[in-house]
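K.L.:
I need the structure of the sequence given here:
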Amino acid sequence: MKNALFISIFLLASSFLFAQNPAWKGKKCAVALTYDDGLQVHLDNVVPALDSLGFKGTFYLSGSFPGVTARVADWKKAATHGHELANHTLFHPCTGGPGREWVKPDRDLSTYTVPRIVDEIRMTNTFLEALDGKKQRTFAYPCGDRTIGGTYYFNQVKGDFVAARGTASEMRQPTAVDLANVGAYGINGQSGEEMIALVKQAMATNSVLVFLFHGVGGEHNLNVALPEHRKLLKFLKQHESEVWIAPFIEVAQSVKPTATTR
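P.N.:
Presented below is the predicted three-dimensional model:
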């Protein structure tokens, strides 16, 4: 009887400690909402929706993209509202090949050198600092591609960044996060219920969950419908006492400071 009581108390205490991790501000999990490519729908659809709920998102800007260059003042305004402006390179180079015929030859990462990508990444940091005045920054690999000729190019610039976001569909507990390649769930056509299920999984496992959006209500072939995006935001607001919703940079700063190139 005493043993059974001890086991019950131990399991209850373990459950409480597991659910309330100090890395997540005492909440069950962390959620970062990230949006790639600096699209105009991010400014028109996403920023107002986040602002209305008091949420702050992370926007990965490619400095040469039209949605960035045409609306510099609006991106500055988003930064003043607390949204993170983050580095997605200057020209968004991806590795070409079968299935990626859309990659232009002059933007094919396989034709790059490491010094070239380093220069373009650092130029983008300079551009972003001109927008928000900040030194600390995070990075996202275009198309999730991380190597040039077998070399992990982020190794050359990781001292310039707090963390880098990848594209692997995974969520991890704070001590298991690789800050050089943080996993993220790419969203393309999922329902609100499917995205909410991911949040519930993160809550149950005390994990960090990063959402990777492109189009939100259009402007990209990788897209989530506006009503489904709203369902996710509504659920997050309803569970704000259990879920820490923060820009990617703040979530990265809260975890164990490790960075590898797995």
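K.L.:
now Leu222: how far from Ile187?
P.N.:
Leu222 sits 8 Å away from Ile187, going by C-beta to C-beta, to the nearest Å. (Glycine included, C-beta is placed from N, CA and C.)
K.L.:
out of these two, which sits in the busier spot?
P.N.:
Ile187 (22 against 14; other C-beta atoms under 10 Å).
K.L.:
anything in contact with each of Leu222 and Ile187?
P.N.:
His214 (C-beta atoms under 8 Å, 6 or more residues apart in numbering).
K.L.:
pretty sure Val114 is touching Phe154, no?
P.N.:
No - contact criterion C-beta atoms under 8 Å: Val114 and Phe154 do not qualify, at 10.1 Å.
K.L.:
so those two - more neighbours on which side?
P.N.:
Legend: neighbour count by other C-beta under 10 Å for Val114 and Phe154, higher for Phe154 (22 against 16).
K.L.:
which residue is the nearest non-sequential neighbour of that one?
P.N.:
Nearest non-adjacent residue to Phe154, counting by C-beta to C-beta, 6 or more residues apart in numbering: Ala164, 5.5 Å away.
K.L.:
for the one you found, give me phi and psi.
P.N.:
Main-chain torsions, Ala164, degrees, to the nearest 10: phi -130, psi 140.
K.L.:
got it, and Asn221?
P.N.:
When read as degrees, to the nearest 10, the backbone of Asn221 gives phi -70, psi -20.
K.L.:
just checking, it touches Gly189?
P.N.:
No - counting by C-beta under 8 Å, Gly189 is not a contact partner of Asn221; they are 10.3 Å apart.
K.L.:
show me the strands in the stretch 101-250 of the chain, by range?
P.N.:
Taking DSSP state E, counting those that start in this stretch as the criterion, the stretch 101-250 of the chain carries its strands at 138-140, 147-148, 151-152, 163-165, 185-186, 208-213, 215-216, 223-224, 243-245.
K.L.:
pipe these into JSON lines and attach mean pLDDT per row.
P.N.:
Below are those laid out as JSON lines (pLDDT from 0 to 100):
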{"stretch": "strand 138-140", "mean pLDDT": "98"}
{"stretch": "strand 147-148", "mean pLDDT": "98"}
{"stretch": "strand 151-152", "mean pLDDT": "98"}
{"stretch": "strand 163-165", "mean pLDDT": "98"}
{"stretch": "strand 185-186", "mean pLDDT": "98"}
{"stretch": "strand 208-213", "mean pLDDT": "98"}
{"stretch": "strand 215-216", "mean pLDDT": "98"}
{"stretch": "strand 223-224", "mean pLDDT": "98"}
{"stretch": "strand 243-245", "mean pLDDT": "98"}
